[in-house]
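[1] how does the following fold in three dimensions:
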Amino acid sequence: MGLTIFPCIQVSCVPPNGIVLGYSAKTDIEIFAVGNTVLGIQFHPEFSEDVLLDILKTRIARGIISVCVTNLLLSNFILLI
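    Sure, this is the predicted structure:
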């Protein structure tokens, strides 16, 4: 399964069955998921691999995101050096 990117200015509503996973004072939808196959990210996640792994472990432990979505994200993670 590959990564598909749809560039846009701002997400105003999640797709059917979508769940908002994060928001900010400026944007109501920063990150969302639809089942185990879609992860939408509104922000620029420029942080280290260690920070990403910590975020994902916390989300899995809280039942916010599945291991399947996490594995998909990690399989498409680009480490910039």
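
[2] was I right about Cys13 contacting Phe32?
    No - using CB atoms under 8 Å, Cys13 is not in contact with Phe32; the gap is 9.5 Å. For glycine as for every other residue, the C-beta is placed from the backbone atoms N, C-alpha and C.

[3] contact partners for Ser66?
    36, 60 (CB atoms under 8 Å, 6 or more residues apart in numbering).

[4] settle it for me: which of Cys13 and Phe32 has more neighbours?
    Neighbour totals were compared for Cys13 and Phe32, and Phe32 leads with 20 against 10 (other CB atoms under 10 Å).

[5] before we move on, what SS does that one have?
    strand (DSSP: H, G, I helix; E, B strand; the rest coil).

[6] OK, contacts around it?
    By CB under 8 Å, 6+ apart, the neighbours of Phe32 are 11, 14, 18-21, 38-40.

[7] that one and Leu72: what is the separation?
    15 Å (CB to CB, to the nearest Å).

[8] can you give me the strands in the chain?
    Remark: strands assigned in the chain by DSSP state E are 18-22, 31-34, 38-41.

[9] need the winner for burial among the ones you listed.
    Highest mean neighbour count among the strands of the chain (mean count of other CB atoms under 10 Å): strand 31-34, with a mean of 19.

[10] any idea of the mean pLDDT for that one?
    Mean pLDDT, strand 31-34: 87.

[11] again with stretch 63-77
    Stretch 63-77 comes out at a mean pLDDT of 80.

[12] in this structure, spot the helix with the most residues.
    In the chain, assigned by DSSP state H, the helix with the most residues is helix 49-61.

[13] buried stuff in that helix?
    Across helix 49-61, burial judged by 16 or more other CB atoms under 10 Å covers 52, 56, 59.

[14] before we move on, back to that, adding distance to Gly63, write the strands of the chain out as TSV.
    Conversion of these to TSV gives the following (distance: least, CB to CB, whole Å):
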stretch	distance to Gly63
strand 18-22	11
strand 31-34	12
strand 38-41	16
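
[15] who wins for proximity to Ile64 among those strands?
    strand 18-22 (5.9 Å; CB to CB).

[16] just checking, Ile29 touches Pro15?
    No - counting by CB under 8 Å, Ile29 stays clear of Pro15, with 10.8 Å between them.
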